[in-house]
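Participant: Okay, here's the prediction I keep looking at, along with the sequence it came from:
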Amino acid sequence: MADSKLPGSTPPSGDDAYTQWYEVKAGDTLWKIAKEHYGDGNLYRDIFNANTDVLSDPDKIKVGQRLRIP
Amino acid sequence: MSHIHPTPHAKTNFGAALYLLVALGIALTGCSNQMEPAKKAITEIEMAVASAGPDAQRYVPEKLKAVNDQLSNLRARFEQKDYAGVISGAPSVLASAQALVAAKDAAMKEASAKEAAEAAARQAADTQKLTTDWQTLSEDLPKQIAALDSRLNVLAKSKNLPANVTKDALASAKSDLADAKSSWTAATTAQSGGDTRNAVAAAQQAKQKADAAMASLAMTSG
């Protein structure tokens, strides 16, 4: 997860009432969040791509950040 | 043989009695002459009241009561043989009775106009609600469907399911989303044809299915 830009990265679309959010907790990684929401940690890129406005590196997430879960 | 001759005093009494008898006869004749016109006047009033019909009770109850009270008064006077009183009082009561019809018609017209206005207001409110409902649903549903599509697209790439989504739930979500899309298409078609009522009905069905799909996938809204 070292690349700051991942293939297929697209800017997040407009948020609305149906946008699914997750607040980062201590010890979270994108892989762990993807595992929790999709059952497969390898899908972390989908989360990263949906949050390029707040994330520049998939390995660098901060506690309290609100991330979109597409 | 003796003849009995009336005394002057007896002559006077006889004359007075005769006078009273004649006067009474004249009075009775006079009364008798007035009875029929009085009866006719009351009948005329009764017919005028009847011509106002049962609607008078509904639309002009106070006026009807006033006329009936006056009519009852005339009947009482008739029973007391006050025919002259009946005849003198009848014209104003008759006028009031005849005015009942016009008053009733005016009240009915006013009530009808009021009902029409209320129906138009209800129709306008109904149309406004449909328009508002459509605006809300048409802004909401595409976003909800897009969110569901997005989640199902990601899950389709997953080798496992998340802990809070079962295989059956995933299948239900897919089915409900397909139904939601179908209903949404029907809704937009109806709206394009100017049928907002059916458009809203179809959109509400789509919304129910979309909500069900979100619940199956443990997604939240708002």
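Facilitator: On my side now, so go ahead. Numbering: from 1, shown residues only, chains lettered A, B, ... in the order given.

Participant: For the helix or strand harbouring residue B:208, buried residues please.
Facilitator: Secondary structure from DSSP states H and E places residue B:208 in helix B:196-216. Neighbour-count burial for helix B:196-216, counted by 16 or more other Cβ atoms under 10 Å in any protein chain shown, picks out B:196, B:199-203, B:205-207, B:209-210, B:212-214, B:216. Where you see a C-beta, it was placed from the backbone N, CA and C, and this is true even at glycine.

Participant: what's the closest of these to chain A?
Facilitator: Closest approach to chain A among the buried residues of helix B:196-216 (Cβ to the nearest Cβ): residue B:214, at 7.7 Å.

Participant: Now residue A:51: closest residue in space, sequence neighbours ignored.
Facilitator: Distances taken as Cβ to Cβ, 6 or more residues apart in numbering or on different chains place residue A:67 nearest to residue A:51, at 5.0 Å, with adjacent residues excluded.

Participant: actually residue B:46, sorry about that
Facilitator: Residue B:46's closest residue in space is residue B:71 (Cβ to Cβ, 6+ apart), at 7.0 Å.

Participant: got the buried residues for the strand or helix carrying the one you found?
Facilitator: In this structure, residue B:71 is located in helix B:61-79 according to DSSP H and E. Within helix B:61-79, the residues scored as buried using 16+ other Cβ under 10 Å are B:63, B:64, B:67, B:68, B:70, B:71, B:74, B:77, B:78.

Participant: Does the second one touch residue B:52 like I think?
Facilitator: Put plainly, it is residue B:64. Yes: look at residue B:64 against residue B:52 with Cβ atoms under 8 Å: they come within range, at 6.9 Å.

Participant: Need the residues touching each of these two.
Facilitator: Residues touching both residue B:64 and residue B:52 (Cβ atoms under 8 Å, 6 or more residues apart in numbering or on different chains): residue B:100.

Participant: C-terminal to the lengthiest helix in chain B, what's the next element?
Facilitator: Criterion DSSP state H: the longest helix present in chain B is helix B:83-157. Using DSSP H and E, the helix or strand that follows helix B:83-157 in sequence is helix B:167-192.

Participant: which bits of chain A sit near chain B?
Facilitator: A:13, A:16-20, A:35-40, A:42-43, A:46, A:70 (Cβ under 8 Å from any Cβ of the partner chain).

Participant: if we go to 6 Å?
Facilitator: A:16, A:17, A:18, A:20, A:37, A:38, A:39, A:40, A:43, A:46, A:70 (Cβ under 6 Å from any Cβ of the partner chain).

Participant: Would you list the buried entries among the residues you listed?
Facilitator: A:18, A:20, A:37, A:38, A:39, A:40, A:43, A:46, A:70.

Participant: got the contact list for the first one?
Facilitator: The neighbours of residue A:18, taking Cβ atoms under 6 Å, 6 or more residues apart in numbering or on different chains as the test, are B:143, B:144, B:147, B:221.

Participant: May I see the residues you listed organised as JSON lines, with pLDDT added?
Facilitator: Shown next, in JSON lines, are the contacts of residue A:18 (pLDDT from 0 to 100):
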{"residue": "B:143", "pLDDT": "96"}
{"residue": "B:144", "pLDDT": "97"}
{"residue": "B:147", "pLDDT": "96"}
{"residue": "B:221", "pLDDT": "84"}
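
Participant: what's the closest of those residues to residue B:158?
Facilitator: residue B:147 (16.9 Å; Cβ to Cβ).

Participant: if we can go back for a sec, farthest pair within the buried residues of helix B:61-79?
Facilitator: B:63 and B:78 (22.7 Å).

Participant: sorry, back to before: as JSON lines, the buried residues of helix B:61-79 with pLDDT would be great.
Facilitator: Output for the buried residues of helix B:61-79, formatted as JSON lines (pLDDT from 0 to 100):
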{"residue": "B:63", "pLDDT": "95"}
{"residue": "B:64", "pLDDT": "96"}
{"residue": "B:67", "pLDDT": "96"}
{"residue": "B:68", "pLDDT": "97"}
{"residue": "B:70", "pLDDT": "97"}
{"residue": "B:71", "pLDDT": "97"}
{"residue": "B:74", "pLDDT": "97"}
{"residue": "B:77", "pLDDT": "97"}
{"residue": "B:78", "pLDDT": "97"}
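
Participant: Brilliant, that's me finished.
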